[in-house]
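*Asks:* Okay, here's the prediction I keep looking at, along with the sequence it came from:
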Amino acid sequence: MKLEIKPIGNSYSEQAIELILNIQQKEFNTPITIEDQPDLKQIESFYQEGGGNFWGAFIDGELVGSIALIKFDERAGALRKMFVKKEYRGREFNIAQILLEILISFCRENRIGDLYLGTITVFKAAQRFYERNLFTKIEKEYLPERFPLMSADDIFYHLKID
């Protein structure tokens, strides 16, 4: 089993949609559709052209994880689309941790000092993961004005990157 993580573009949209919708809808029964997430059909223009990125984690050629960054201000970004297929979660594979570290390194290289994210109450393991990685929970009103809100999100975090 070989893990490969690389930036991905529009040619991976279908695989990303399948991975993410499966987790959102089937595993967590979140009433979110592809129509609510048009960014997944235009990865390059939505994430990469603005100074962010979208990474995929592959095991033997299969997309098993994702993480994305929207740069929404000179020195601020939003973490989005952090998903790992159920059977590849946990410390044994460490995929979520590796994805997050790649995104944080990208932020450092690109002088993005503030990282924000929104998540949903039912994603309890995700919240524990962010807190373990030193993200601080913040109230919605403390988000930057230009933070790209997702309607489903009801819990927000911030990480200061040195």
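*Replies:* That came through fine. Numbering: from 1, shown residues only.
*Asks:* so where's the longest helix in the chain?
*Replies:* Scanning the chain for the helix with the most residues, using DSSP state H, yields helix 95-109.
*Asks:* Residue 40 contacts residue 15, doesn't it?
*Replies:* No - in this structure, residue 40 is not within contact of residue 15 by Cβ atoms under 8 Å, at 10.1 Å. Placement of C-beta: from N, CA and C, glycine included.
*Asks:* Looking at those two, which one has more neighbours?
*Replies:* Neighbour totals were compared for residue 40 and residue 15, and residue 40 leads with 24 against 16 (other Cβ atoms under 10 Å).
*Asks:* residue contacts, residue 98?
*Replies:* Counting by Cβ atoms under 8 Å, 6 or more residues apart in numbering, residue 98 touches 3, 5, 57.
*Asks:* what's in contact with the helix or strand that contains residue 158?
*Replies:* Using DSSP states H and E, residue 158 falls within strand 155-160. Residues from elsewhere that reach strand 155-160, judged by Cβ under 8 Å, 6+ apart: 104, 113-121, 127, 130-131, 133-140, 142-143.
*Asks:* Among those, name the ones in helices.
*Replies:* 104, 127, 130-131.
*Asks:* out of the residues you listed, what pair is the most spread apart?
*Replies:* Maximum pairwise distance among those (Cβ to Cβ): 17.9 Å, between 104 and 127.
*Asks:* ok, back up a step: got the angle between the longest helix of the chain and strand 155-160?
*Replies:* 50 degrees (axes from the mean of the first three to the mean of the last three Cα atoms, to 10 degrees).
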